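Peer 1: Here is a sequence with its predicted model. Questions after.
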Amino acid sequence: MRSIMLATLLLYCIVFDLIGVLGDVGTASSYDPPYLPTKCGGNSEDQFPPGGLFAAVSDGLWDNGASCGRKYRVRCISGPKRPCKVRSIVVQVVDLCSQDPCPATLLLSNKAFDAISKIDAKINVEYAQI
């Protein structure tokens, strides 16, 4: 009985790691280049993480610039035409959304957005700072 419970717990942990986030719920859209300059690193290319998974954030997450460099695990949870890919990604904050009001909680780089969504439309996401 104990081994079954441990196996179940291990399986839950593996599945949660692959698709779970358990954080806040918001929206995400993609944004197109040029990505420079940014509010966090100006014109420096070095601010972008390897792999190109980065985001601009809305005022609610900006925290007067303290969000620069923060990382968030993001997972698509719903949207038009069942857009979600079954995976979560980690993005790094590099900018403040330049539109007022911002069209989404997180504006993801094209590469980041394509990693979690099959279509180019605003989606609902779950996100958590890591």
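Peer 2: That came through, no problem. As the structure is a computational prediction, the values presented were derived from the model and not from experiment. Numbering: from 1, shown residues only.

Peer 1: Any stretches of the protein with poor pLDDT?
Peer 2: Counting by pLDDT under 70, the chain has low-confidence residues at 1-21.

Peer 1: any idea how far the spatially most central residue of the chain is from Asn64?
Peer 2: Centroid-nearest residue in the chain, with CA atoms, centre = their mean: Val74, separated by 3.6 Å. Counting by CB to CB, to the nearest Å, the gap from Val74 to Asn64 is 22 Å. Where C-beta positions appear, they are placed from N, C-alpha and C, glycine not excepted.

Peer 1: In terms of helices and strands, where is the residue lying closest to Ser58 once chain neighbours are set aside?
Peer 2: Residue nearest to Ser58 in three dimensions, not counting chain neighbours: Cys102, with 3.9 Å by CB to CB, 6 or more residues apart in numbering. For Cys102, there is no helix or strand it lies in under DSSP states H and E.

Peer 1: 420 is where my numbering starts, stick with that
Peer 2: All set: I'll call the first residue 420, so the last point we hit is now Cys521.

Peer 1: from memory Cys521 sits against Trp481, does it?
Peer 2: No - contact between Cys521 and Trp481 fails when scored by CB atoms under 8 Å: they sit 9.3 Å apart.

Peer 1: outside of the helix or strand hosting Val510, which residues touch it?
Peer 2: Using DSSP H and E, Val510 falls within strand 507-515. Strand 507-515 has contacts (CB atoms under 8 Å, 6 or more residues apart in numbering) with 437-440, 454, 457-460, 466-468, 472-476, 478, 480-481, 484, 486-494, 525-528, 531, 534-535, 549.
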